[in-house]
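Asks: here is a sequence with its predicted model. Questions after.
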Amino acid sequence: QKEVEQNSGPLSVPEGAIASLNCTYSDRGSQSFFWYRQYSGKSPELIMFIYSNGDKEDGRFTAQLNKASQYVSLLIRDSQPSDSATYLCAANNNDMRFGAGTRLTVKP
Amino acid sequence: EPEVTQTPSHQVTQMGQEVILRCVPISNHLYFYWYRQILGQKVEFLVSFYNNEISEKSEIFDDQFSVERPDGSNFTLKIRSTKLEDSAMYFCASRPGQGVQPQHFGDGTRLSIL
């Protein structure tokens, strides 16, 4: 069974704070990992992806991957109210499996 | 920026009827996907398609479902005899080619089965 688990939240942080989103996956064959943002009623929008152990930074976003622990995370620095959305973690091994998403609210 | 386009945006169909959802992937992309998302639930993989054949499919993608690339641009999902539980958002996605490349999603088709 290829499962991707996320804390469903909701996660609430004040504006300007760091939001930390976590994800674990069960399929050790997964080769690449993606973070998508989904606003209510909209399609998933890619934030970033990672496939090597360690950190990958893109602007205010940092993805972290630990394959030994089967763990992926996303840090959002200087959180803005516009970051309020559901964040989807996905693991890819020929097919892409999504977690249920973590709902993030950034309060002004 | 190139986009994946899906039509229609909303489809209402009577239970038992056939429905075809249409997608136009980004033009130079080679891998195509269908996902569904039942309201309030997670995005679920249905099928991937490459080189004019299915490369992977999930347990959801049973005999009621089929995919086709009838011409050089369209990628379709057909549900033969719809059931109430097929009501969901259906997303099409595509990506360029080999290697680690992200999938780009269309805006989705909301399918409502009555």
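Replies: Yep, that arrived.
Asks: C-alpha from now on. contacts and neighbour counts both.
Replies: Fine.
Asks: nearest residue to the residue in chain B that chain A sits nearest to in space, please, no chain neighbours.
Replies: Here chain B gets closest to chain A at one residue, residue B:42, 4.5 Å apart by CA to the nearest CA. With sequence-adjacent residues excluded and distances taken as CA to CA, 6 or more residues apart in numbering or on different chains, residue B:42 is closest to residue A:100, at 4.5 Å.
Asks: so that neighbour, which of the three states?
Replies: Classification of residue A:100 by DSSP: H, G, I helix; E, B strand; the rest coil places it in coil.
Asks: show me what contacts it?
Replies: A:4, A:5, A:6, A:8, A:88, B:41, B:42, B:43 (CA atoms under 8 Å, 6 or more residues apart in numbering or on different chains).
Asks: cool, residue B:61 as well?
Replies: With CA under 8 Å, 6+ apart, residue B:61 has these contacts: B:46, B:47.
Asks: any idea how far it is from residue A:2?
Replies: 16 Å (CA to CA, to the nearest Å).
Asks: what do you get for residue A:73?
Replies: Counting by CA to CA - residue A:73 and residue A:2 are separated by 18 Å.
Asks: neighbour count: these two, which is higher?
Replies: residue A:73 (20 against 16; other CA atoms under 10 Å in any protein chain shown).
Asks: beta partners for that one?
Replies: For residue A:73, the beta-bridge partners under DSSP bridges are residue A:22, residue A:64.
Asks: am I right that it is in contact with residue A:20?
Replies: Yes: in this structure residue A:73 lies within contact range of residue A:20 using CA atoms under 8 Å: 7.1 Å.
Asks: where does confidence bottom out across the contacts of residue A:100?
Replies: Lowest pLDDT among the contacts of residue A:100: residue A:8, with 74.
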